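S.K.: Sequence plus predicted model, see below.
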Amino acid sequence: MEMILGYRHGNSLLHRYDPRLKLIMLLAAVMAVNKAAGAELAFQGFVLSSMLLVFLSPQRDSFRQIVSAIRFVLVLLVFSLAAGGISASAGLLPLSARLYTWVILGFLYTGTTSSSEIRATFFQFTCWIPGFPASYFALMISITLSSLPRFNTALKTGTEALVSRGGVPWYRPIRRLRAVSIPLLLRTVKQASQISDALAARGFNGNRVFRVGKLPLKQIAFTAAFIAAYPWLAEFFACTFNRFSGILLLR
C-alpha cells in the first residue's frame, strides 16, 4: 500500500502558491478539521479529496492515494475496535474521519511543495528563535520528507523479496515484521550515513541560510480570507446538507 505521496511537478495554483502561506493555510485547515464534527467533517474531507484530484496529476495516482488513505484508516479502525470493542466505535468513527482528512492534507502539501521550498519555509519560520539550529532543523525536515517515497519503495521491495522466498505464515506476524523491518532499518541507517558524508564533503555547517522570495500581497490577502471563511463555509454547507437530508427523509 503506497501511503507516501512525494512531490509532483506541476503548474497548478497550489504549486505556484507561496510555501510559507501554504503551510499557514495547512495549519488553519488542521485546526478546522480538529473542531469539526458530523456533516461538517464529512464535507471537509470531501472538499480536500476533490482538491487532491484537481491539483495533482495524473488523477489516477491521486485516486490511488485516496484509496490508500481510506485503507489505512480502516485498518486502524479495525485494530482499535478489536482492542476496545464495539462500545468504542462511537468515538473512533469521528477520529477516523479526522485522521483521513489529516492524511489528505499532508498529501496536498507534500505533493505540491518541493523539498527546497519546504526547507526554506521551515528555516524562515525558525531562524528568528535565539539559539535555535534553524539550518539543521530545516534540512532535517526536507531530508525526511524527500526520503519518505524512497522509504516506501524500500518497504515494498522488502515485502516482495519476502514473498519470493516463500513468505511467512499469517499466524506469525512478529516473524513477518522482523523479516521486513530489520533489512529496512539497516538500509535506512546506511542511507543516513551516506547523506551525512555528502553534507560533510560539501562543507555544510549550521550557518547556512535558506532563502525564499518575498511574500506576494495578493496571496497574503487570499490566505487571510481563506482562514476567516473556511470554518464558516464548512459549517454553512454542513447545515445545508443536514436540512436537505432532513427534507428528503420527511418526504
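M.R.: Received, thanks.
S.K.: Next one: the most centrally placed residue in the chain from residue 52, what distance?
M.R.: The chain has residue 106 as the residue nearest its centroid, 2.1 Å off, counting by Cα atoms, centre = their mean. With distances taken as Cβ to Cβ, to the nearest Å, residue 106 is found 11 Å from residue 52. In short, each C-beta sits where N, CA and C put it, glycine included.
S.K.: Going by neighbour count, which residues in the helix or strand encompassing the residue nearest to the centre of the chain are buried?
M.R.: Here residue 106 is covered by helix 89-112, with elements defined by DSSP states H and E. Neighbour counts using 16 or more other Cβ atoms under 10 Å place 92, 96-112 of helix 89-112 among the buried residues.
S.K.: again with stretch 53-69
M.R.: In stretch 53-69, counting by 16+ other Cβ under 10 Å, buried: 55-56, 62, 65-66, 68-69.
S.K.: Tell me where the protein has helices.
M.R.: 13-16, 19-35, 39-55, 59-84, 89-112, 115-126, 134-164, 173-201, 217-250 (DSSP state H).
S.K.: Mean pLDDT and distance to residue 209 for those - can I get that in CSV?
M.R.: CSV is the format used below for these (pLDDT from 0 to 100; distance: least, Cβ to Cβ, whole Å):
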stretch, mean pLDDT, distance to residue 209
helix 13-16, 90, 24
helix 19-35, 88, 15
helix 39-55, 84, 30
helix 59-84, 77, 34
helix 89-112, 82, 23
helix 115-126, 88, 7
helix 134-164, 73, 7
helix 173-201, 72, 16
helix 217-250, 76, 23
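S.K.: hang on, isn't residue 37 packed against residue 94?
M.R.: Yes: judged on Cβ atoms under 8 Å, residue 37 makes contact with residue 94 at a distance of 6.0 Å.
S.K.: For stretch 132-147, what is the distance to the chain centroid?
M.R.: 16 Å (Cα atoms, centre = their mean, to the nearest Å).
S.K.: contact partners of that stretch?
M.R.: 6-7, 110, 115-116, 118-123, 126-127, 191, 195, 199, 204-210 (Cβ atoms under 8 Å, 6 or more residues apart in numbering).
S.K.: what's the spacing between residue 138 and residue 129?
M.R.: Counting by Cβ to Cβ, the gap from residue 138 to residue 129 is 12 Å.
S.K.: cool, residue 213 as well?
M.R.: As defined by Cβ to Cβ, residue 213 lies at a distance of 22 Å from residue 129.
S.K.: again with residue 61
M.R.: Counting by Cβ to Cβ, the gap from residue 61 to residue 129 is 38 Å.
S.K.: Check residue 198 too.
M.R.: 27 Å.
S.K.: Check residue 193 too.
M.R.: Distance from residue 193 to residue 129, by Cβ to Cβ: 29 Å.
S.K.: Check residue 42 too.
M.R.: Counting by Cβ to Cβ, the gap from residue 42 to residue 129 is 38 Å.
S.K.: and if you look at residue 16?
M.R.: Distance from residue 16 to residue 129, by Cβ to Cβ: 29 Å.
S.K.: Show me what the helix holding residue 106 packs onto, helices and strands only.
M.R.: Packing partners of helix 89-112 (3 or more Cβ pairs under 8 Å, 6 or more residues apart in numbering; DSSP states H and E): helix 13-16, helix 19-35, helix 39-55, helix 59-84.
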